[in-house]
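Trainee: next comes the sequence, and after it the predicted model I'd like to discuss.
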Amino acid sequence: MATTRSTRAPQPVEPQQRCAQCGARAVDTVEQRQTFRYGTGESAADLTVDLPVRRCATCGFEFLDGESERIKLEAICEHLGVLSPAGIRRIRERYGMTQAEFAQVTGLGTASLVRWENGSMNHTRAYDRYIRLLESPDVMRRLRRLAEPAVRRGPLPIAAGGRWRAREDNDALRRQQSSFALRPAA
């Protein structure tokens with residue numbers, strides 16, 4: 001059983017945040033170290049994180065919010081050695097692309113990318129390696145070149161029976177085939 005500790009600093013609480021218990025606008029933040037178990041069996045790990053605990057100065061009610069969940073998720077990603085949602089988003093934003101544009105160029109599914117970036121689903125180690133390759137501008141340039149013809153032609157239509165078919169016209173296909181044909185010597 002492994003133990004991992006995250007030291008990510010909590011974000012300040014918004015001053016207008018209300019207490020869920022009494023409705024007062026007197027919520028402050030106290031950092032608290034917490035340990036939680038990730039995984040099962042022999043591969044289980046105790047992960048220790050510093051979480052922002054929100055506390056109402058009026059009624060004393062304490063709660064965790066989305067920031068705490070993000071910190072826990074980042075600790076899990078760090079433990080697994082994969083990019084966090086913020087890391088994936090940072091790579092996409094480096095190229096100034098929307099999620100749809102990034103998915104089109106990389107071949108990733110837009111829905112999967114959205115889930116990975118918002119932390120509702122973890123990606124696999126294989127996808128993690130692929131996304132890390134995208135940090136290289138040379139790799140992204142090559143992918144953009146590969147995606148250009150597909151972007152100009154649009155998505156491939158589905159033929160009868162659910163099979164994909166190319167959208168190239170017959171003349172272009174014939175020209176391509178004839179360029180490979182053997183010609184008699186002159």
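Mentor: All right, it came through fine. Numbering: from 1, shown residues only.
Trainee: where exactly do the helices run in this protein?
Mentor: 66-80, 85-94, 99-106, 110-118, 125-133, 137-153, 170-178 (DSSP state H).
Trainee: would you list the ones you listed in CSV and tack on mean pLDDT?
Mentor: Formatted as CSV, the helices of the chain follow (pLDDT from 0 to 100):
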stretch, mean pLDDT
helix 66-80, 93
helix 85-94, 96
helix 99-106, 95
helix 110-118, 96
helix 125-133, 96
helix 137-153, 82
helix 170-178, 52
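Trainee: in JSON lines, list these along with mean neighbour count and distance to Asp28.
Mentor: All C-beta atoms are positioned from the backbone trio N, CA, C, and that covers glycine. Below are the helices of the chain laid out as JSON lines (neighbours: other C-beta atoms under 10 Å; distance: least, C-beta to C-beta, whole Å):
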{"stretch": "helix 66-80", "mean neighbour count": "18", "distance to Asp28": "14"}
{"stretch": "helix 85-94", "mean neighbour count": "17", "distance to Asp28": "25"}
{"stretch": "helix 99-106", "mean neighbour count": "18", "distance to Asp28": "35"}
{"stretch": "helix 110-118", "mean neighbour count": "16", "distance to Asp28": "27"}
{"stretch": "helix 125-133", "mean neighbour count": "15", "distance to Asp28": "37"}
{"stretch": "helix 137-153", "mean neighbour count": "12", "distance to Asp28": "43"}
{"stretch": "helix 170-178", "mean neighbour count": "9", "distance to Asp28": "68"}
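Trainee: reformat those helices as JSON lines; add distance to Ala26.
Mentor: Formatted as JSON lines, the helices of the chain follow (distance: least, C-beta to C-beta, whole Å):
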{"stretch": "helix 66-80", "distance to Ala26": "18"}
{"stretch": "helix 85-94", "distance to Ala26": "30"}
{"stretch": "helix 99-106", "distance to Ala26": "38"}
{"stretch": "helix 110-118", "distance to Ala26": "30"}
{"stretch": "helix 125-133", "distance to Ala26": "42"}
{"stretch": "helix 137-153", "distance to Ala26": "48"}
{"stretch": "helix 170-178", "distance to Ala26": "70"}
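Trainee: which among these is found nearest to Gly39?
Mentor: helix 66-80 (8.7 Å; C-beta to C-beta).
Trainee: helices and strands around that closest one, which ones?
Mentor: Counting contacts by 3 or more C-beta pairs under 8 Å, 6 or more residues apart in numbering; DSSP states H and E, helix 66-80 is packed against strand 2-6, strand 27-38, strand 45-56, helix 85-94.
Trainee: relative to helix 85-94, how tilted is that helix?
Mentor: Angle, helix 66-80 to helix 85-94, by axes from the mean of the first three to the mean of the last three C-alpha atoms, to 10 degrees: 90 degrees.
Trainee: of the helices and strands packed on helix 66-80, which stretch is the most buried?
Mentor: Sort the helices and strands packed on helix 66-80 by mean neighbour count, taking mean count of other C-beta atoms under 10 Å, and strand 45-56 sits at the top with a mean of 19.
Trainee: I'm done for today, thanks for sticking with me.
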